[in-house]
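Asker: give the three-dimensional model of this entry:
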Amino acid sequence: MIFKKRFILHFDRNTARKIHSFCKAFYIVINDFIVKTVGSDLFAIEDDIDAERYELFIDYFNLSELGGLPENKDIQEAQDKKSIITVKFPHLISLAIKNVCKAIHWKPEGFIEGIVSRIINRIIDDIKNHKYDFFDIYLHSELTDIVKSINLIYEKDLL
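Answerer: Below you'll find the predicted structure:
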């Protein structure tokens, strides 16, 4: 059995509504949405660090402390966090979250909330602009099954 770390996340009502609506519309379990969202962002952070760019990773530090540099608005905490979502993460993702948070001096919940809030807003904007890049992250196995079953039709020469 894979150990799962439980996080209690707090979102403003608008963000929570977007998460629930998106998941309901695309038949995605909320826990899966949050785990895949954070996992995807962790891969992006890893790529950023490996390439020694640090462009994504630097956004998690409080650069406003340097004076004259604006804070990253995408990851600021919401002021009205009334909606609670409890999520369980697999052990290895929890460990990666812990290591990132240790480096940036954030609480894991704030880190996760920041990622999910930023991504759900981007996804909603993408849907409005008829962009569906998120399918590969959240519906990958379903899309793979569709392609495999259609390919079988052609392989069996059924059409």
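
Asker: got the residue ranges for the strands in the protein?
Answerer: Counting by DSSP state E, the chain forms strands over residues 4-12, 81-90, given from the N-terminal end onward.

Asker: and the last one, what's buried?
Answerer: Spelled out, that is strand 81-90. Taking 16 or more other C-beta atoms under 10 Å as the neighbour-count basis, strand 81-90 is seen to contain the buried residues 83, 85, 87, 89. Where C-beta positions appear, they are placed from N, C-alpha and C, glycine not excepted.

Asker: you'd agree the second one is up against residue 34?
Answerer: Yes. Using C-beta atoms under 8 Å as the test, residue 85 is close enough to residue 34 to be in contact (7.1 Å).

Asker: who touches both of the two?
Answerer: Counting by C-beta atoms under 8 Å, 6 or more residues apart in numbering, the shared contacts of residue 85 and residue 34 are 9, 19.

Asker: of all pairs in the buried residues of strand 81-90, which one is the farthest apart?
Answerer: 83 and 89 (19.0 Å; C-beta to C-beta).

Asker: before we move on, the earlier item: closest one of the buried residues of strand 81-90 to residue 123?
Answerer: Taking C-beta to C-beta as the measure, residue 123 sits nearest to residue 85 out of those, at 16.1 Å.

Asker: so what's that closest one closest to, chain neighbours aside?
Answerer: On the basis of C-beta to C-beta, 6 or more residues apart in numbering, the spatially nearest residue to residue 85 that is not a chain neighbour turns out to be residue 9, at 4.9 Å.

Asker: where does the chain have low pLDDT?
Answerer: Low-confidence segments of the chain (pLDDT under 70): 1-3, 54-81.

Asker: which parts of it are helices?
Answerer: 13-25, 30-50, 55-58, 91-104, 108-128, 135-138, 140-155 (DSSP state H).
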